[in-house]
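Next comes the sequence, and after it the predicted model I'd like to discuss.
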Amino acid sequence: MTYRLLTLCKVIDKRLWGFTHPLRQFPTLSHTVLNRLEEKKLTVDKLKDMRKDEIGHMLHHVNIGLSVKQCAHQLPSITMEASIQPITRTVLRVRLIITPDFRWNDQVHGSVGEPWWLWVEDPINDHIYHSEYLLLQKKQVVTGEPQHVVFTIPIFEPLPSQYYIKAVSDRWLGAEAVCVINFQNLILPERHPPHTELLDLQPLPVTALGNREYESLYKFTHFNPIQTQIFHTLYHTNNNVLLGAPTGSGKTIAAELAMLRVFNVYPTSKVVYIAPLKALVRERIEDWKIRIEEKLGKKVVELTGDVTPDIRAIAQADLIVTTPEKWDGVSRSWQNRSYVQKVAILIIDEIHLLGEDRGPVLEVIVSRTNFISSHTSKSVRVVGLSTALANARDLADWLSIGQVGLFNFRPSVRPVPLEVHIHGFPGQHYCPRMATMNKPTFQ
């Protein structure tokens, strides 16, 4: 229905029937030539493949062959190549490469671009799962530069045989392309276990730490529900832990619980805390310099590209706060650096960035930590902090975490409940629409 309505709009706009030859949209060609094109059933694709003299002979007009061939190549046309990647069992990421396949002429196409409509349809259920408006710029067409489009679509089990990606020109009749997404060889991720349920527990008082100095670090009297549930695993065991919880749920305090266990049980060992950004490292340093260094007497050291203390300071440190790249460089020469071998716990904040550009560095750090642990016969505890994850089990298996150390709470589990309100805003153009959206936000 969408395709038919769009075609109907173009039929009315061009004053042409949809079944007529697409080259009727070019006023430079005479009716006699166009009638012969339709009689001979010469499609645009055939005309592109033929030589100009062949076209001239077919139309009984030798000199018109070049003009017809030029018009055939000026009719907007694109080629599409799609690659798919399942994110979960119900969400599929599609990467689409759109390459213009026609010649630009300012008199025919204008000087800006050619608009297209793009949508993904299920031929069995007649559903459209994604649609968007696309503008192929003149520069892209002239240089042949491909346009990359990335979007996500839902998939359902049992898997359909295929979806169609259809691109239809917004202005030209007969200018369209179809790309097939085939699901026959698609391998979906394994079914993930459900999220960790937040238990209805009595809030744990800070006196559970059993140390007056540790209790003085916190201004509150009781831990929040998430911290209460994970307290025993972090503070009383050496199990590796993966904690997936929403922002603002107290993951930093969870990291501190794991640190305090090291200070209790392994006082001569070191704690390494890895944050993805130097700004986050700076923030932790400013906090822990006061709370952990001044109140507990533990030496806290910052190790980033901007701040590199001498080896003696690092060797005397109890807590090293660093970035992935810096710790990767430091830990490479672990045989010659005794302080690397003294690390008892590795805490990685924002470990979900494993799937982003800096993921390989985190991967190397964890793999090297396990390697060092196996060669020194001294186990190193790994604690990963993250937002709520879709594939927590996969990450937990890689971190050698059993069922005991995996806590992956729902995104809705927040100490402060979050309300979601959806308000639609009209407006075709970006800047005015954003301005109207900003007003109620700041009011």
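Right, received. Where do you want to start? Values in this document were obtained by computation on a predicted structure and should not be read as measured data.

So, low pLDDT: which residues of the stretch 251-400 of the chain?
The stretch 251-400 of the chain contains no residues with pLDDT under 70.

tell me the helices in it, going along the chain?
251-265, 278-288, 295-296, 311-316, 324-331, 338-341, 359-376, 392-398 (DSSP state H, counting those that start in this stretch).

for the spatially most central residue of the chain, phi and psi?
Of all residues in the chain, the one closest to the mean position by Cα atoms, centre = their mean is E356, 7.7 Å from it. Note on E356: its backbone torsions stand at phi -100, psi -170 [degrees, to the nearest 10].

Using PDB, write down the CA coordinates of stretch 301-308.
The C-alpha trace of stretch 301-308 is given here as PDB (Å, rounded to 0.1, in the frame of the first residue of the first chain):
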ATOM      1  CA  VAL A 301      48.300   6.900  42.800                       C
ATOM      2  CA  GLU A 302      47.000   8.200  39.500                       C
ATOM      3  CA  LEU A 303      48.500   6.500  36.400                       C
ATOM      4  CA  THR A 304      47.500   8.100  33.100                       C
ATOM      5  CA  GLY A 305      49.000   9.600  30.000                       C
ATOM      6  CA  ASP A 306      49.000  13.000  31.800                       C
ATOM      7  CA  VAL A 307      50.300  11.800  35.200                       C
ATOM      8  CA  THR A 308      53.100   9.200  35.400                       C
END
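
Flag every buried residue along it.
Buried residues in stretch 301-308, counted by 16 or more other Cβ atoms under 10 Å: 301-304. In short, each C-beta sits where N, CA and C put it, glycine included.

Next step: those restricted to strands.
In strands, judged by DSSP state E, the following of the buried residues of stretch 301-308 are found: 301-303.

Need these in JSON lines (columns: distance to T369).
Compiled in JSON lines, those are given as follows (distance: Cβ to Cβ, whole Å):
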{"residue": "V301", "distance to T369": "19"}
{"residue": "E302", "distance to T369": "20"}
{"residue": "L303", "distance to T369": "16"}
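
For this structure, identify the residue most remote from the centre.
Distance from the centre of the chain peaks at H60, with 57.2 Å (Cα atoms, centre = their mean).

Next, the contact list for that residue, please.
R36 (Cβ atoms under 8 Å, 6 or more residues apart in numbering).

how much space between it and T32?
Look at H60 and T32: by Cβ to Cβ, to the nearest Å, they are 9 Å apart.

next one: S331
From S331 to T32 the distance is 79 Å (Cβ to Cβ).

who has more neighbours, the two?
Applying other Cβ atoms under 10 Å to S331 and T32 shows that S331 carries more neighbours, namely 21 against 12.

ok so, going back, format the buried residues of stretch 301-308 as TSV; extra columns: distance to Q162.
Listed next are those as TSV, based on distance: Cβ to Cβ, whole Å:
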residue	distance to Q162
V301	57
E302	54
L303	52
T304	50
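
just these now: which is nearest G405?
Lowest distance from G405 to the buried residues of stretch 301-308 (Cβ to Cβ) belongs to L303, with 26.5 Å.

Do I have it right that that closest one meets L319?
No - between L303 and L319 there is no contact under Cβ atoms under 8 Å: 10.5 Å.

quick one on the thing from earlier: per-residue pLDDT, the residue farthest from the centre of the chain?
In this model, H60 is scored at 72, pLDDT.

Then P415?
Reading off the model, P415 has pLDDT 69.
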